[in-house]
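Colleague: have a look; sequence and predicted model below, questions after that.
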Protein chains: 2
Amino acid sequence: MLGELRRPIETALQSACDFGQGCPDHLAAAMRYALLAPGKRLRPILVLMSAEACSLHSTGESIADNTRLLNQVMPGAVAVEMIHAYSLIHDDLPAMDDDDLRRGRPTVHIEFDEATAILAGDALQAEAFQHLCCHVSDPVKLAAAVSILSSAASASHLVGGQADDLKAENDHHPESVRSVDWLESIHRRKTGALFSASLDLGAVLSDATGEQRSALAGYASHLGLAFQVVDDYLDFTADAAVLGKRAGKDAERGKLTYPGLLGAQQAKEKAVSLIGSAKQEALFFGPAAKRLLWLADYVLERTH
Amino acid sequence: MLGELRRPIETALQSACDFGQGCPDHLAAAMRYALLAPGKRLRPILVLMSAEACSLHSTGESIADNTRLLNQVMPGAVAVEMIHAYSLIHDDLPAMDDDDLRRGRPTVHIEFDEATAILAGDALQAEAFQHLCCHVSDPVKLAAAVSILSSAASASHLVGGQADDLKAENDHHPESVRSVDWLESIHRRKTGALFSASLDLGAVLSDATGEQRSALAGYASHLGLAFQVVDDYLDFTADAAVLGKRAGKDAERGKLTYPGLLGAQQAKEKAVSLIGSAKQEALFFGPAAKRLLWLADYVLERTH
């Protein structure tokens, strides 16, 4: 179901890895290493799925078979993955989460060095906006896309969420922040904002209506949070071989998580409930909701 | 001469420091600490000067007296200072230049901590683009501004220049990179690109002609390089009290500099020659070149 979307995304990401003559080889190598790392490509897939739901609702056609629509929205898919890749590089740094493994491979500062990792992240953020500029020709759509992406990447969303997440971990008075509301506020910014931006990018780049954008915003909100609950749940229960990272590390360092706050069973129930709400929102698109519904189930299935 | 431009810039920077409800207090504090740090505001001034030269050439009016024009181009001035501030925060990190003092004050990772410094830099980069989106209403101008700024901040310019600068410093075979051409290539990317972007932002936000943009590009190219030559020269000759940073540190760690490669006298002559070329380009603007000429002299005067 997702493979036919991943293929054109991988091709587009590969093509996007020409960073110009002034980019030093070792910097380009680190950027490629991060951007082309094996991954689910969930955010770019959301961009494509959103455009499919908004544009092809009457035809039932797959966006994978519609080259015109693919070309129209792919810049958003590439840009959002660049932002995601940059945030992972920086999150893994010694001063941040201090992870040496990501998706089963050494993290960027391990494979290269810390300075190169900082710079590769910095550059990928700039490249995300530059990529939109180079590939979205309609200035009105470009303006909307830059606004959506820069807001999601801003101090009040992506970066603010990570800052509070780190703070929660290091807080000397953990009781003051150990509430589900607080954890939700962190994840709505840290993960949710980029999920929402992905769906909104697909919408604005494919000329969606206000009603369509609004339904997608609801879907994104529930899906993004469910994704994080499931992620926490997996860390809590799974073993390293499955996840490709050091499982149980969250608990080990006292990180705030849903299973930690609610218990594993209730965390799982929360994920089920959120996915139910996401699917409810997706029904707005009628038969065109097919892939949105499938993805919602897919996020939850990881817990089985 | 510059004070009347700095005042509205300081006001605009202060107003830009509302980073939204989702931004944690300590992150906002670090961002403000960096963005509002005492500084020359050279890049924002270039934005304003450029708009003045392009728009008011027939009137001889100062942009400081023209609120409409100030409002039109100030978003570019704020955005470019945000990019500059972010790059300074990250350049100062332990894994990079490892500086603990900047403009006479503790650097961000010293005053706060390393994670907060990384995040404040990341967020300031996103805020630069977000600021343009919120304050430039014409989508065609916004598209041009985002393109100019993201290109200057990209892997082939700002970040690539810093990456090669660090590499030159750490290179185990320094002879291979110890050429003036190589140093110039680093500084054209690391400093020059943002100088050029500043002047071009002022131009596109004030409806400049192609000829005006081209003359400004020539001016920017010479001025940016001259600025860096002078900076190296000052580090080579001045003492810590004047600069507010550990002078001579460049030489101490074997950093590639113009005086190091050419000798102090020849480096100064290079700066004089570059400033001459910059002023030649500025003459395109006739009487409206006044402030551009003054700034060129000002850059050089720091060596006296």
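Modeller: Yes, it's here.

Colleague: got phi/psi on residue A:105?
Modeller: Phi and psi for residue A:105, reported as degrees, to the nearest 10, are phi -120, psi 160.

Colleague: ok, residue A:119 to chain B distance?
Modeller: 5 Å (CB to the nearest CB, to the nearest Å). C-beta coordinates here come from the backbone N, C-alpha and C atoms, glycine included.

Colleague: burial of that residue, as a residue count?
Modeller: 29 (other CB atoms under 10 Å in any protein chain shown).

Colleague: and it, what helix or strand is that in?
Modeller: Using DSSP states H and E, residue A:119 maps to helix A:114-135.

Colleague: in stretch A:56-70, what's buried?
Modeller: Neighbour-count burial for stretch A:56-70 flags A:56-57, A:63-64, A:66, A:69-70 (criterion: 16 or more other CB atoms under 10 Å in any protein chain shown).

Colleague: what about stretch A:136-151, near chain B?
Modeller: Yes - residues of stretch A:136-151 contacting chain B under CB under 8 Å from any CB of the partner chain: A:139-140, A:142-143, A:146-147, A:149-151.

Colleague: out of those residues, which are buried?
Modeller: Buried among those (16+ other CB under 10 Å): A:139, A:142-143, A:146-147, A:149-151.

Colleague: if we can go back for a sec, okay, who's weakest in the buried residues of stretch A:56-70 by pLDDT?
Modeller: Across those, the smallest pLDDT goes to residue A:57, namely 70.

Colleague: was I right about it contacting residue A:290?
Modeller: No - at 10.3 Å, residue A:57 does not count as touching residue A:290 under the criterion of CB atoms under 8 Å.

Colleague: with adjacent residues omitted, what lies nearest to residue A:271?
Modeller: residue A:229 (4.4 Å; CB to CB, 6 or more residues apart in numbering or on different chains).

Colleague: which residues does that neighbour contact?
Modeller: Residues in contact with residue A:229 (CB atoms under 8 Å, 6 or more residues apart in numbering or on different chains) are A:258, A:267, A:270-271, A:274.

Colleague: go again with 6 Å.
Modeller: Neighbour list for residue A:229: A:258, A:267, A:270-271 [criterion: CB atoms under 6 Å, 6 or more residues apart in numbering or on different chains].

Colleague: tell me the contacts of the spatially most central residue of chain A?
Modeller: Relative to the mean C-alpha position of chain A, the nearest C-alpha, by CA atoms, centre = their mean, is the one of residue A:43, at 4.5 Å. Residues near residue A:43 by CB under 6 Å, 6+ apart: A:80-81, A:84, A:198.

Colleague: at 10 Å instead, please
Modeller: A:9, A:76-77, A:79-85, A:191, A:194-195, A:197-199, A:201 (CB atoms under 10 Å, 6 or more residues apart in numbering or on different chains).

Colleague: near chain B, from the residues you listed?
Modeller: residue A:83 (CB under 10 Å from any CB of the partner chain).

Colleague: which ones among the buried ones among the residues of stretch A:136-151 next to chain B lie within strands?
Modeller: Among these, no residue falls in strands (DSSP state E).

Colleague: gap between the closest residue to residue A:195 other than its chain neighbours and residue A:144?
Modeller: What sits nearest to residue A:195 in space, not counting adjacent residues and going by CB to CB, 6+ apart, is residue A:224, at 3.6 Å. According to CB to CB, to the nearest Å, residue A:224 and residue A:144 sit 20 Å apart.

Colleague: neighbour-wise, which of the two wins?
Modeller: A count of neighbours by other CB under 10 Å puts residue A:224 above the other of residue A:224 and residue A:144, at 26 against 20.

Colleague: wait, what's in contact with that one?
Modeller: With contact set as CB under 10 Å, 6+ apart, residue A:224 has these partners: A:46, A:187-188, A:190-199, A:274, A:278, A:299.

Colleague: residue A:40 belongs to a helix?
Modeller: No - secondary structure of residue A:40 (DSSP: H, G, I helix; E, B strand; the rest coil): coil, not part of a helix.

Colleague: pLDDT wise, what is it at?
Modeller: Residue A:40 carries a pLDDT value of 91.

Colleague: now for it: which residues touch it?
Modeller: A:2, A:6, A:103, A:298, A:302 are the contacts of residue A:40 under CB under 10 Å, 6+ apart.

Colleague: returning to that earlier point: name the element the residue nearest to residue A:271 belongs to?
Modeller: Here residue A:229 is assigned to helix A:210-237, by DSSP H and E.

Colleague: report the buried residues of that helix.
Modeller: Quick answer for helix A:210-237 (16+ other CB under 10 Å): A:212-213, A:215-216, A:218-236.

Colleague: okay, now the unreliable bits of the stretch 151-300 of chain A?
Modeller: For the stretch 151-300 of chain A, the stretches with pLDDT under 70 are A:171-178, A:238-254.
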